[in-house]
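Undergrad: Here is a sequence with its predicted model. Questions after.
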Amino acid sequence: MLELDLVKKGARDSGTASSIVPRIAPQTRDASSPSLGNDLIAHLSPRSRRLVLDRCDSIRLTPRQVLQERGLPLQYAYFIESGAASLTTRAGDCPPVEIHTLGKKDFVGVPLVLGMRVSPHRCTVHVPGKALRIPTDALIGLIKTDTEVEKLLLRYVQATLIHSSQLVACNSRHNLSQRLARWLLVARDRIGENEVALTHKCMAQALGVRRAGITTAVGDMEANGLIRRSRGRIAIVDQTRLEQASCDCFRVIRSAHENSLLGPIALRVAHP
């Protein structure tokens, strides 16, 4: 049975989201099991994993739920277990642009790892799912006292920096079809499913282009047998050919996140 707890919301750039967030009754978790929903937590040793899990509660993620608001103090950090969220930024009065698609391989709360308690970005849920939520002070305490947690999150921060810098290069040098293919592949990789439940409007926001351009590019991909679209959903039909249609930026981004879990990051250079 779900409990409902009230999450304090700050001012939003547009619209008003519901402030009621379903909280899942605590469940017993086996800290030795590698099959946890979030990949970062699954890569911790049983001891460090238990330290994290003991400080988390499980919540449901609902569409348009704001996990962090730009310019406001962070009350919680989140380890996403399923679903998808979008980290966005703004440039003046222009519409927000996505800088990361977040899923089961991700952590929401990077500023806390870097010693900051306020985020310059908004994080909004697009695809419903679940997450482990940890209070800000509890996470900071863990980072200070558990070296393994600290190193894992610092590696994740490094991967996100590579991710962000690669997007700058990609968005300035590659055409829309390549960028859309890259975005679909990254979204599939973060969510862990071949079907991406996002609209053309969301994809246009993510790539900073007009919706009409996305509609045309998606139509071309479907005609070529790379994807299949339905209302509010895109299914990847041929991942191999979609990777061929993408630029090398997808492989650089994927490699950065994979290496953040395995050891020292080895970079590949993508040439436009």
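TA: In hand now; what should we look at? Residues are numbered from 1 along each chain as shown.
Undergrad: Run through the strands of the chain in chain order.
TA: Along the chain, the segments classed as strands by DSSP state E run 3-6, 20-23, 57-61, 66-68, 76-89, 97-102, 107-108, 122-135, 195-196, 227-230, 233-236.
Undergrad: out of those, which comes closest to Leu261?
TA: Minimum separation from Leu261 across the strands of the chain (Cβ to Cβ) falls at strand 107-108, 12.0 Å. For every residue, glycine as well, the C-beta is placed using N, CA and C.
Undergrad: Work out the sheet partners of the closest one and label each with its direction, please.
TA: As defined by DSSP bridges, the strand partners of strand 107-108 come to strand 76-89 (antiparallel).
Undergrad: Between strand 122-135 and the partner strand, find me the angle.
TA: 170 degrees (axes from the mean of the first three to the mean of the last three Cα atoms, to 10 degrees).
Undergrad: Mind pulling the model confidence for Ile227?
TA: Note for Ile227: predicted pLDDT of 96.
Undergrad: which ones are touching it?
TA: 184, 218, 221, 234-237, 242 (Cβ atoms under 8 Å, 6 or more residues apart in numbering).
Undergrad: same question, Ser164
TA: 99-100.
Undergrad: what's the distance between it and Val252?
TA: 12 Å (Cβ to Cβ, to the nearest Å).
Undergrad: Ala235 contacts Ala197, doesn't it?
TA: No - with contact defined as Cβ atoms under 8 Å, Ala235 does not reach Ala197; the gap is 9.8 Å.
Undergrad: And the two? Which one has more around it.
TA: Between Ala235 and Ala197, Ala197 has the larger neighbour count (other Cβ atoms under 10 Å), namely 19 against 15.
Undergrad: Mind pulling the model confidence for that one?
TA: Taking Ala197 on its own, its pLDDT is 81.
Undergrad: what does Ala91 give?
TA: So Ala91 comes in at 75 (pLDDT).
Undergrad: Leaving out chain neighbours, which residue sits closest to it?
TA: Val97 (7.2 Å; Cβ to Cβ, 6 or more residues apart in numbering).
Undergrad: was I right about Gly129 contacting Phe79?
TA: No - Gly129 is not in contact with Phe79 according to Cβ under 8 Å; the separation is 11.6 Å.
Undergrad: who has more neighbours, the two?
TA: Phe79 (27 against 20).
Undergrad: beta partners of the more buried one?
TA: Assigned bridge partners for Phe79, using DSSP bridges, are Phe107, Leu132.
Undergrad: quick one: it and Arg50, what's the gap?
TA: 14 Å.
Undergrad: now swap in Ile59 and tell me
TA: 20 Å.
Undergrad: Those two: which is more packed in?
TA: Ile59 (24 against 15).
Undergrad: pLDDT score for the more buried one?
TA: Note for Ile59: predicted pLDDT of 97.
Undergrad: I'd assumed Ala131 was in contact with it.
TA: Yes - Ile59 is within contact range of Ala131, at 5.8 Å (criterion: Cβ under 8 Å).
Undergrad: In contact with Ala85, which residues are there?
TA: 61, 67, 101-103, 106, 108, 123-127.
Undergrad: sorry, that was for Phe250
TA: 181-182, 185-186, 189, 243.
Undergrad: rerun at 7 Å
TA: Contact analysis of Phe250 by Cβ atoms under 7 Å, 6 or more residues apart in numbering lists 182, 185-186, 243.
Undergrad: same deal with Leu154?
TA: Contacts of Leu154 (Cβ under 7 Å, 6+ apart): Val113.
Undergrad: redo that, cut-off 10 Å
TA: 113-114, 143, 260 (Cβ atoms under 10 Å, 6 or more residues apart in numbering).
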